[in-house]
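> The sequence and its predicted three-dimensional model are supplied below.
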Amino acid sequence: NTSEADPLRVRRMTIHIVRPPELNEWVIIELQGRLESNSYTLDGLDFGTLTFQKGAPNLRIANHILVGKVVDLKKPFAVMKKTAAQETDGMEASNESTQYQVQGVIRKKILFSTRAKLIPKRVT
């Protein structure tokens, strides 16, 4: 008599990686320190404005400015979205199938490694 929760039972899982013909280029933004907000989450929060002046990235957050640099990554990252499905092989057994869709590739990062500078208010 075998238990249904037999730990020795082998489960098969298939992993598919799907790559679109054209990959989106993404960039990592690396900050030193931490971002704080009064809201519960940072999802969808507009926390600053990124501009480029003379090829250098500048990030303005409220009344602070950060000056950074663009750095090539040693190895690129793939940005993937995971989806899961059940496959049956015609018998009672079913296999777990996981598919990863490549959403983009990251080859560069914008590095802000110095402290933010305060932007003084103009006196009128």
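Everything's here; your move. Numbering: from 1, shown residues only.
> Within the helices and strands, which one has the residue nearest in space to the middle of the chain?
Geometric centre of the chain, nearest residue: residue 79, 6.5 Å, by C-alpha atoms, centre = their mean. Per DSSP states H and E: residue 79 is located in strand 69-88.
> Note down every partner strand of that strand and its orientation.
Paired strands of strand 69-88, with direction, are strand 94-112 (antiparallel) (DSSP bridges).
> Residue 106: neighbour count?
16 (other C-beta atoms under 10 Å). The way it works is simple: take the backbone N, C-alpha and C, and place the C-beta from them, glycine included.
> distance of it from residue 118?
Residue 106 is 31 Å from residue 118, where distance means C-beta to C-beta, to the nearest Å.
> Ok, residue 52 next?
Counting by C-beta to C-beta - residue 52 and residue 118 are separated by 21 Å.
> same thing with residue 72?
31 Å.
> okay, and for the chain, where does confidence drop off?
1-17, 85-95, 123-124 (pLDDT under 70).
> If we use 80, what do you get?
The chain contains residues with pLDDT under 80 at 1-21, 34-45, 84-97, 122-124.
> sorry, back to before: who are the contact partners of the residue nearest to the centre of the chain?
24, 26, 102-106 (C-beta atoms under 8 Å, 6 or more residues apart in numbering).
> and what of residue 32?
Taking C-beta under 8 Å, 6+ apart as the criterion, residue 32 is in contact with 112-115.
> So which of the residues you listed are in strands?
Mapping the contacts of residue 32 onto strands (DSSP state E) picks out residue 112.
> Please identify, among the contacts of residue 32, the one with the most neighbours.
residue 112 (19 neighbours).
> State the distance from residue 70 to residue 78.
20 Å.
> Sorry, wrong one. I was asking about residue 29.
18 Å.
> beta partners for the residue nearest to the centre of the chain?
Bridge pairing for residue 79 - DSSP bridges - gives residue 104.
> now the contacts of residue 79: which count as buried?
26, 106 (16 or more other C-beta atoms under 10 Å).
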